[in-house]
Structure formats: C-alpha cells, structure tokens
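*Asks:* fold the stuff below for me.
(one chain, ligands or ions: 1)
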Amino acid sequence: MPYRLSRLGYIEVRVLDLDDALQHYVNVLGLIVTGREGRRAYLKGWDEKHAYSLILTESDTLGMERMAFRTVSPEDLEYYKDRLKKLNVPFATIESDYKRGEAIRAETPSGHTVELYYTMEYTGNVLPDVNPPPWPMDLKGIGVPRLDHCLVTAADPTKTIRWFENVLELRPSEYVLNGSGDPIAAWLWQRPAPHDVAVVPGPDAKFHHCAFAVETPEQVFRACDILAMTKTKIDYGPSRHGITRGTTVYFFDPFGNRNETFGVHSAYQLDPDHKPICWTEDALGQGVFYYEREIIESFLSVVT
Ligand SMILES: [Fe+2]
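*Replies:* Predicted coordinates:
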C-alpha cells in the first residue's frame, strides 16, 4: 500500500487557562512556543521541522478539539479528497489555518474531528542545519523532541477502527480482539511506527491522552523525576506496555487532560510487511500495563 500520511502532524487540546497550561506544557514537558494568537498558543518539540504540533486553546471544556495528519505530498491530499467522495464520507474543505495551507476535515463514527493537510510553514528544528550537535543544551523540563501519538475512546470501537482503516488507510501495528475476532482496540499508523492514533473502548468523542516521544528508558525515569519535582500529578508509571513494548509514564496537565511520554518501542519499521500483533481480551491488562497485568481504575475512567 502506498505511503500517503507522513505522521500525526498536530492536535488541538482544550485547556481552562492558557497561561497555566503554558506553565505545564513549556516548563514541564519542555515544548517550545512558536506562536500565540488570542485564546490559542502554538507549540512544538525541539526536533520538529514544522511550525507546530500542539495547539492549546482556552475553553470552558477539556479534551481534544481535533487531530490532523500531514500527507506525504500535495497529490496525496487530492487523493484523499477523491477517496472520501467515492466512499460518500462527508468532509469540509478548510482553506487555511495558522501557518497552514488547505485541509480537509471529516468526523469519525466516534465523533472525533480529523483533518488532513500537506502545507505548513517549514521552520526546521532548533538545531543549526550545518554541523548540528545531537541535541540542544537549553531545553526546559523533560525536553520532548516531538509529538508521537494520541489515543481516543469510542463507544463502538470496531466501527471507528474500521473507519480509520478503510477511509484513511491506516494500518494496525497491534489489535486487541474480542471472542468474535473483531478489534475492540487498535494501534494504527501508516508510516512505519507503532501508532499515530489508537482507539480503545469508552465514551464517544473523548480524549484519553496525547503522547510525546522520549528516546531511552533513562529519559522516562528522568521525566518521572521532573514530574515529581514539579508536583505534577502522575497517573501511572514509569512502566512498560505489552502492546508496542513502549516505556511510559502517564500524567495530567493542570486541568486533567492526560499526557504521556513514550519511547523505546517495537521496531516495526524494519519490516514493511509487518502483520498486526494480536492480544486477546483476557490479556488486555498485561497488554496495557505489562508489569502489573491489570489496568488501574483511573486509567479506564478518566477521559476528557
Ligand atoms: Fe499512548
């Protein structure tokens, strides 16, 4: 299958107070503010090459406003316009947005807003283009290099998983299957990585977490130290997932949106013909939290 979606390009997250949110996302996570307009701030990790990967929007409610995938080429955006028309999937064309060109916007069966775009202002990362060092020395907090993925909940997860597979042509790296063999949770991607988006059972249109990359298990422990030093509420971790093998810590922003640092995962990219790894429902606990083998209550019940 051709490769048409390069990555989860950005997400928009609603927060109750923009200044308090920036204190967390800049000083704890270490994201860099690249723009601010009215009730919105635009941020990115130090190794990201485009204008932003996270929009924080001041609102009366929490959760994720939208997720957006960047296409590999302008032609791929046209391909998806044609594909959605052929499949009778309703979509809107959005002419432009902050430092971004045209996008198309559709809704998943679970009520999540998904955009596809190609053009966004290219900024390069924060390192020089010539003879760069491996990382910048002046990072704040955890100093995450990039947005990795988001995870959303769906009342009929199988239907939403099939939508991502059939409409956007995302592929599963891993599935949780019910007794009938239908996926009730999936980790989905098109680029060879563990996932750009994951879908699990839960209420429609809700946001479970957004994850930022870290490169080593030591960096996960360092992230935990920083979370503790800044009195940031940790939900779970440090630990390892069975699904994706990723190392993890989950924590909350000042309002209750869940964040994760995630890294050191399976190397699916070495095998482009990778077939999905399957987990049975009775092994779900170990799939999610490999060491405890059962899922803590807050992880199941807290969504925004
Ligand atoms: Fe995650």
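
*Asks:* tell me the pLDDT of the residue of the chain found nearest the ion.
*Replies:* Taking Cβ to the ion, the ion has its nearest neighbour within the chain at Ala211, 4.1 Å off. (Each C-beta comes from the backbone N, C-alpha and C, glycine too.) Ala211 carries a pLDDT score of 98 in this model.

*Asks:* secondary structure class of it, three-state.
*Replies:* Following DSSP: H, G, I helix; E, B strand; the rest coil, Ala211 is assigned to strand.

*Asks:* Val144 too?
*Replies:* Strictly by three-state DSSP, Val144 counts as coil.

*Asks:* give the contact list for it.
*Replies:* By Cβ atoms under 8 Å, 6 or more residues apart in numbering, Val144 lies in contact with 29-31, 45-46, 212-214, 261.

*Asks:* who wins for neighbours among those residues?
*Replies:* Within these, Leu31 tops the neighbour count with 31 neighbours, counted by other Cβ atoms under 10 Å.

*Asks:* would you check that that one makes contact with Asp47?
*Replies:* No: judged on Cβ atoms under 8 Å, Leu31 makes no contact with Asp47 at a distance of 11.4 Å.

*Asks:* sorry, back to before: need the max-distance pair from the contacts of Val144.
*Replies:* Spatially, the most separated pair among these is Trp46 and Thr261, at 14.1 Å (Cβ to Cβ).

*Asks:* how about the contacts of Val144 in TSV, adding secondary structure and distance to His112?
*Replies:* TSV is the format used below for these (DSSP: H, G, I helix; E, B strand; the rest coil; distance: Cβ to Cβ, whole Å):
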residue	secondary structure	distance to His112
Leu29	coil	23
Gly30	coil	27
Leu31	coil	22
Gly45	coil	23
Trp46	coil	28
Phe212	strand	20
Ala213	strand	22
Val214	coil	26
Thr261	strand	23
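
*Asks:* from those, pick the one nearest Tyr117.
*Replies:* Gly45 (18.6 Å).

*Asks:* tell me if I'm right that that closest one and Ile142 touch.
*Replies:* No: the pair Gly45 / Ile142 is not scored as a contact, 10.0 Å apart, by Cβ under 8 Å.

*Asks:* what touches both of the two?
*Replies:* The contact lists of Gly45 and Ile142 share 30, 212, where a contact means Cβ under 8 Å, 6+ apart.

*Asks:* wait, does the helix or strand of the chain with the lowest mean pLDDT contact the ion?
*Replies:* None of the helices or strands of the chain scores lower by mean pLDDT, DSSP states H and E than helix 297-301, at a mean of 91. No: Helix 297-301 stays clear of the ion (Cβ under 5 Å from the ion), getting no nearer than 10.8 Å.

*Asks:* in that helix, what counts as buried?
*Replies:* Applying a neighbour-count criterion of 16 or more other Cβ atoms under 10 Å, one finds Phe299 buried in helix 297-301.

*Asks:* neighbouring contacts of that helix?
*Replies:* Contacts for helix 297-301 (Cβ under 8 Å, 6+ apart): 202, 235-236, 250, 288-289.

*Asks:* go with 6 Å
*Replies:* Around helix 297-301, the neighbours that count as contacts under Cβ atoms under 6 Å, 6 or more residues apart in numbering are 235-236.

*Asks:* cool, and stretch 163-170?
*Replies:* So stretch 163-170 is in contact with 89, 108-109, 188, 190, going by Cβ under 6 Å, 6+ apart.
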